[in-house]
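In: Generate coordinates for the sequence data below:
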Amino acid sequence: MNPDGSNVQKLTDKPGRGITPAWAPDGTKIAFASDRDGNWGIYVMTPDGSNVQRLSYGGQDPAWSPDGTKIAFRFDRDGNWDIYVMNADGSNVQRLTDNPADDWGPTWSPDGTSIAFTSNRNSNKWDIYVMNADGSNVQRLTDNPVDDWGPTWSPDGTRIAFASDHLAVDTDIYVMNADGSNQHNITNDPDRGNWEPTWSPDGTRIAFASERWGEFSEIYVMNADGSNQHNITNNPADDCEPAWSPALPATTEER
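Out: Below you'll find the predicted structure:
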């Protein structure tokens with residue numbers, strides 16, 4: 001859809017699910033996860049939903065590297081989720097994390113040197129971690145008494161937005177510096193869940209999913225400081241997992 005919520009178009013229509021869309025940096029492809037044949041895998045398609053190609057047998061949460069040559073994803077090859085990376089054509093699959101906990105939701109730093117992700121490796125709750133793009137030098141960024149998950153880097157690489165179970169009562173969108181400092185709530189919604197933040201290409205806005213007005217989740221957009229929160233979808237179904245297209249010379253769309 002367009003960034004204002006208009007011109008919604010359906011891109012996939014298979015018996016299985018199609019989830020976690022991710023735009024290629026050049027805007028020519030969208031990666032996504034699907035279980036359309038009964039098993040999860042990573043697929044790519046063109047922005048109009050055509051030319052669907054399967055890249056992996058197994059995996060979810062695809063994330064493109066900034067140069068478009070690689071895709072990070074989560075894979076439960078050994079019974080728990082770990083972070084893997086492969087070439088953009090599905091070749092050369094490599095494992096980046098290897099521990100008995102679950103690691104998921106990888107997201108690349110804009111310079112391509114780091115990957116942030118969610119893990120419960122040091123507790124029974126979710127926290128945000130970051131590592132080098134080759135899987136080395138894993139560091140914990142959040143260590144709160146509640147769950148923190150779903151990191152996403154700002155386009156300038158200085159901040160990370162994420163979801164947090166604020167006070168263990170509701171879920172809000174938080175922003176922190178890339179080193180984990182200065183964590184602060186920007187949605188401040190006391191009643192409903194807010195999650196899955198994604199930055200606009202210019203870093204001025206954040207789209208996210210929210211259940212604040214009822215039973216179903218809708219897509220909202222706000223300024224990067226949390227002001228001007230407003231929904232851009234409104235229908236009796238769940239809308240979630242927004243992902244901004246890259247800034248291109250032509251039109252900029254949001255899926």
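In: what is Lys70 paired to in the beta sheet?
Out: Lys70 has these beta-bridge partners by DSSP bridges: Asn87.
In: Okay, now the unreliable bits of the stretch 151-255 of the chain?
Out: The stretch 151-255 of the chain contains residues with pLDDT under 70 at 167-169, 213, 248-255.
In: Apply 80 and report the result again.
Out: Residue ranges of the stretch 151-255 of the chain with pLDDT under 80: 166-169, 190-192, 213-215, 248-255.
In: Strands of that one, start to end?
Out: 159-164, 172-177, 184-185, 194-199, 205-210, 218-223, 230-231 (DSSP state E, counting those that start in this stretch).
In: Among those strands, which comes closest to Lys10?
Out: strand 218-223 (14.9 Å; CB to CB). Bear in mind the C-beta positions are built from the backbone N, C-alpha and C, glycine included.
In: That closest one packs against which elements?
Out: On a contact count with 3 or more CB pairs under 8 Å, 6 or more residues apart in numbering; DSSP states H and E, strand 218-223 meets strand 205-210, strand 230-231.
In: tell me which residues in it are buried?
Out: By 16 or more other CB atoms under 10 Å, the buried positions in strand 218-223 come out as Glu218, Ile219, Tyr220, Val221, Met222.
In: angle of that strand against strand 205-210?
Out: Inter-element angle recorded for strand 218-223 and strand 205-210: 150 degrees (by axes from the mean of the first three to the mean of the last three CA atoms, to 10 degrees).
In: Give the closest residue to Val221 in space, chain neighbours not counted.
Out: Distance criterion CB to CB, 6 or more residues apart in numbering; nearest residue to Val221, sequence neighbours excluded, is Ala207 at 5.0 Å.
In: how close does the one you found get to Asn223?
Out: Here Ala207 is placed at a distance of 11 Å from Asn223 (CB to CB, to the nearest Å).
In: Next: Leu141.
Out: Using CB to CB, Leu141 is found at 23 Å from Asn223.
In: One more: Asp13?
Out: Going from Asp13 to Asn223 by CB to CB gives 34 Å.
In: can you check Gly105 too?
Out: For Gly105, the distance to Asn223 equals 24 Å [CB to CB].
In: again, but for Asn137
Out: Asn137 sits at a distance of 33 Å from Asn223 (criterion: CB to CB).
In: do Phe32 as well
Out: For Phe32, the distance to Asn223 - CB to CB - is 28 Å.
In: To Asp239, which of the helices and strands packed on strand 218-223 lies closest?
Out: strand 205-210 (7.0 Å).
In: and that closest one, what other elements does it pack with?
Out: Here strand 205-210 touches strand 194-199, strand 218-223, going by 3+ CB pairs under 8 Å, 6+ apart.
In: now that strand against strand 194-199, angle please.
Out: With the same axes, to 10 degrees applied, the angle from strand 205-210 to strand 194-199 works out at 160 degrees.
In: Within the sheet, what are the partner strands of strand 205-210, with directions?
Out: When pairs are called by DSSP bridges, strand 205-210 turns out to pair with strand 194-199 (antiparallel), strand 218-223 (antiparallel).
In: Off-centre distance for that strand?
Out: Distance of strand 205-210 from the chain centroid (CA atoms, centre = their mean, to the nearest Å) equals 11 Å.
In: and what of stretch 208-215?
Out: Centroid separation between stretch 208-215 and its chain, computed with CA atoms, centre = their mean, is 18 Å.
In: and that stretch, C-alpha only, in CSV?
Out: Provided in CSV are the C-alpha atoms of stretch 208-215 (Å, rounded to 0.1, in the frame of the first residue of the first chain):
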residue,chain,number,x,y,z
PHE,A,208,4.1,-0.4,13.5
ALA,A,209,1.3,-2.8,14.3
SER,A,210,-1.1,-2.0,17.1
GLU,A,211,-4.3,-3.4,18.7
ARG,A,212,-5.2,-0.2,20.4
TRP,A,213,-8.6,0.2,19.0
GLY,A,214,-10.1,-3.2,19.2
GLU,A,215,-9.7,-6.9,18.6
